[in-house]
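A.B. asks: what's the 3D shape of this:
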Amino acid sequence: MYEKGVRIIRGDRNPVKLLFGHTPEACTEPVDFEHACFANRMALMDIHLWKAFLTDTACPPWPCPCCKAGVLTLSKGALKSKTTVASMADRNEDWWDSDHVVLSFTAWATCSNKLCAETFALAGDGGVEMVPDEDDNTDYANYFQLRYCHPLLELIAIPKNCPAPVSKALHAAFALYWIDRPSAAGRIRVALERLLDHLGVPAQTPGGKYVPLDTRVDQFSKTDPAHGAQLMALKWLGNVGSHTIDVNKDDLLAAFQVLEHALSELVEKKSAMIAKLAADMTAKYKAL
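C.D. replies: I've put the predicted structure just below:
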């Protein structure tokens, strides 16, 4: 379970911010900017975090996209909800129960990083679930599903040097994740197309004819089969998003995770960075 807490990272002289808050753990030691950014890029996205619901008094610790350090929090009374008229229309019928309740909510969330303190407008729907109380009797609790957030939440860490067309497609996918998963899968496919553009894989033949996406991925796989297989998996999911009315949430989150890894390797060159650190370490200490 995630613990709430203010994450303010301070260097020797000035407050500094992490690049991306994958896990909201408190950091109490002085951390300079470059080391903080490096450490926070090492973990992949937490899939479970993006499947969590809000309650009347709390929201999941979604990472702040503005400062990349804090997490979203709700203050007391920040979330307001109402039942929809349609869901309560048959409440006097014998068959009606709490499962039929549909809630609408709005809320203001705040970044836990006091150096940021960005505010977020949230909205969505929800319902009522039965929960046991301390005496093992039945009680009821509201739960809420996010459908809209501004500023937009970022489900994965986007490298600072990510090409703008890739980043644009990703942000569209982030927004659509909450309301239209097939369309989000389609935006992931667009991000894949733009990534291949960045990697120099031609989108057209010398004669100007369109090159299908699977052909482009196959071409890339000839020089990088491991990452090529990952990109092909994203392509297949994108196909499903274009031809079905639903995409499994776990599959879509897995696709975001695969894409995050691909960006870290193909754009950010994370493995190459680690290899250089190891080589420098060997050169420095081997002769001692």
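
A.B. asks: in this protein, which spans are strands?
C.D. replies: Assigned strands in the chain, in chain order: 9-10, 15-16, 72-83, 103-111, 119-132, 138-150 (criterion: DSSP state E).

A.B. asks: Could you identify which of those strands has the lowest mean pLDDT?
C.D. replies: The weakest mean pLDDT among the strands of the chain belongs to strand 9-10, with a mean of 28.

A.B. asks: Now do Ile79 against Asn161, distance only.
C.D. replies: To be clear, residue 79 is Leu; Ile isn't right here. 37 Å (C-beta to C-beta, to the nearest Å). Heads up, the C-betas are built off the backbone N, CA and C, glycines and all.

A.B. asks: neighbour-wise, which of these two wins?
C.D. replies: Per other C-beta atoms under 10 Å, whichever of Leu79 and Asn161 has more neighbours is Leu79, with 22 against 10.

A.B. asks: quick one, what contacts the nearest residue to that one once chain neighbours are set aside?
C.D. replies: Counting by C-beta to C-beta, 6 or more residues apart in numbering, Leu79 lies nearest to Ala107, which is 3.8 Å off, once chain neighbours are set aside. Ala107 makes contact with Leu54, Cys59, Leu74, Ala78, Leu79, Lys80, Ala121, Leu122, Ala123, according to C-beta atoms under 8 Å, 6 or more residues apart in numbering.

A.B. asks: Return the residues in contact with Val97.
C.D. replies: One thing to correct before we go on: residue 97 is Asp, not Val. Asp97 neighbours (C-beta under 8 Å, 6+ apart): none.

A.B. asks: Quick check: pLDDT value at it.
C.D. replies: We note a pLDDT of 88 for Asp97 in this prediction.

A.B. asks: Compute the distance between it and Arg189, please.
C.D. replies: Distance, Asp97 to Arg189, by C-beta to C-beta: 41 Å.

A.B. asks: If any of the contacts of Ala107 are buried, give me the ChimeraX selection for them.
C.D. replies: In ChimeraX, a selection of the buried entries from those looks like this (16 or more other C-beta atoms under 10 Å):
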select :54,59,74,78,79,122
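
A.B. asks: if you go through the protein in chain order, where are the helices?
C.D. replies: Using DSSP state H, the helices of the chain run over 33-40, 85-88, 164-177, 181-198, 213-221, 225-243, 249-266, 270-285.

A.B. asks: and Gly127, which of these is closest to it?
C.D. replies: Gly127 lies closest to helix 85-88 among those, at 8.7 Å (C-beta to C-beta).

A.B. asks: buried stuff in the closest one?
C.D. replies: Going by neighbour count (16+ other C-beta under 10 Å), the buried part of helix 85-88 is Ser87.

A.B. asks: which residues touch it?
C.D. replies: Residues contacting helix 85-88 (C-beta under 8 Å, 6+ apart): His100, Val101, Val102.

A.B. asks: and those residues, which are buried?
C.D. replies: Buried by 16+ other C-beta under 10 Å: His100, Val101, out of these.

A.B. asks: Sort out which one of the contacts of helix 85-88 lies nearest Ala278 for me.
C.D. replies: Among these, Val102 lies closest to Ala278 (C-beta to C-beta), at 54.8 Å.

A.B. asks: nearest spatial neighbour of that closest one, skipping sequence neighbours?
C.D. replies: Ser87 (3.7 Å).

A.B. asks: can you pull the pLDDT of that neighbour?
C.D. replies: So, for Ser87, pLDDT stands at 94.
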